[in-house]
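Undergrad: test case, fold it:
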Amino acid sequence: MGAGELFDLSGKVACVTGASSGLGRRAATVLVRAGASVVGIARRADQLEAWQAETGGETQALVGDLANREGLKNLAERAARPFGAPDILVHAAGINTREVADDVTDNGWDVTLDLNLSTPFFLSQAMVPAMATKGWGRIVNFASLQSYRAFPGGIAYGASKGAVTQLTRAMAEAWSGKGINANAIGPGFFKTELTEAVFADPERARRNAEQTCIGRNGTVEDIDGPLLFLCSQASAYVTGQTLMVDGGYTAK
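TA: Below you'll find the predicted structure:
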């Protein structure tokens, strides 16, 4: 198999949550450009439609509330209608309530754990049978710097993202024998809606850049190669891993 074929997703169907903005939107675009038919899921129809317009290719916008666990099976069924059952599932949707430990609310905790941790598991569980029938699948979770580091105001978010790394290992143990590889990407500081508060403070953004080995914060294009690797045949013998795409932030 040639190098190009390793990363070619022609004939594959992908589903990306959080496709309306940020790294989820970029992930959905990258997979389309690699040849996949992509279903993007998010709550904002206008942003999904904008993504479709700028991306081209075979895409389908699916509006849904990913935090509603009871509706996830229905979402999985709807995601399979346009192009067939997904071969690739990317969990990019997430939330950070930024509540300090002493002020964490029941709702803040629950919505964070539900969307960041429970949704990736239960949506995957609903899609795995079709992947297993084909004998091929890729699940990519989104971890975080806070999977390994504690940041102020991040106790619920950090707990959810620390759990995502273990969820990824457990998914690999459960499903990789059926041809379904499960891995995670751990982004560093990328300028997205989720990190607006970070980049609104130039001094803080500068300190974060200095903490990396490379010396800068991430751009959305930096996610392209790692994501395509984990979604393609190139990662055939890679599963249960968290790949930190952070410019070496966690190496220092």
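Undergrad: quick check: residue 5 touching residue 236?
TA: No: using Cβ atoms under 8 Å, residue 5 is not in contact with residue 236; the gap is 11.9 Å. In short, each C-beta sits where N, CA and C put it, glycine included.
Undergrad: low-scoring pLDDT stretches of the stretch 1-150 of the chain, where are they?
TA: Within the stretch 1-150 of the chain, no stretch has pLDDT under 70.
Undergrad: 80 - rerun?
TA: 1-4 (pLDDT under 80).
Undergrad: now do the strands in it.
TA: 13-17, 37-42, 59-63, 88-91, 137-142 (DSSP state E, counting those that start in this stretch).
Undergrad: want to throw those into TSV with mean neighbour count?
TA: Output for those, formatted as TSV (neighbours: other Cβ atoms under 10 Å):
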stretch	mean neighbour count
strand 13-17	29
strand 37-42	28
strand 59-63	20
strand 88-91	29
strand 137-142	26
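Undergrad: neighbours around residue 54, how many?
TA: When neighbours are counted by other Cβ atoms under 10 Å, residue 54 registers 9.
Undergrad: state the distance from it to residue 28.
TA: Look at residue 54 and residue 28: by Cβ to Cβ, to the nearest Å, they are 11 Å apart.
Undergrad: again, but for residue 50
TA: Residue 50 is 12 Å from residue 28, by Cβ to Cβ.
Undergrad: could you do residue 178 as well?
TA: Going from residue 178 to residue 28 by Cβ to Cβ gives 25 Å.
Undergrad: ok, residue 147 - contacts?
TA: Applying Cβ atoms under 8 Å, 6 or more residues apart in numbering to residue 147 gives the contacts 158, 161-162, 164-165, 186, 242.
Undergrad: if we use 7 Å, what do you get?
TA: Each residue near residue 147 by Cβ atoms under 7 Å, 6 or more residues apart in numbering is listed here: 161-162, 164-165, 186, 242.
Undergrad: out of these, who has the most neighbours?
TA: Within these, most neighbours by other Cβ under 10 Å means residue 161, with 28 neighbours.
Undergrad: next one: the closest residue to it other than its chain neighbours from residue 188, what distance?
TA: Distances taken as Cβ to Cβ, 6 or more residues apart in numbering put residue 144 closest to residue 161, at 3.9 Å, once the chain neighbours are dropped. Residue 144 sits 9 Å away from residue 188, taking Cβ to Cβ as the criterion.
Undergrad: who has more neighbours out of those two?
TA: A count of neighbours by other Cβ under 10 Å puts residue 144 above the other of residue 144 and residue 188, at 28 against 23.
Undergrad: contacts only, for that one.
TA: 161, 186-187.
Undergrad: again, only using 10 Å
TA: Residues near residue 144 by Cβ atoms under 10 Å, 6 or more residues apart in numbering: 94, 96, 116, 151, 154, 157-158, 160-162, 164-165, 184-188, 194, 242, 244, 246.
Undergrad: among the residues you listed, which ones are in helices?
TA: Judged by DSSP state H, the contacts of residue 144 include 157-158, 160-162, 164-165 as members of helices.
Undergrad: which stretches of the stretch 1-150 of the chain form helices?
TA: 3-6, 22-33, 45-55, 72-79, 106-113, 119-134 (DSSP state H, counting those that start in this stretch).
Undergrad: would you mind finding the most buried of these?
TA: helix 22-33 (a mean of 25; mean count of other Cβ atoms under 10 Å).
Undergrad: how far is it from where the chain is centred?
TA: From the chain centre to the centre of helix 22-33 is a distance of 10 Å (Cα atoms, centre = their mean, to the nearest Å).
Undergrad: cool, stretch 53-66 as well?
TA: Here stretch 53-66 is found 15 Å from its chain centre; the criterion is Cα atoms, centre = their mean.
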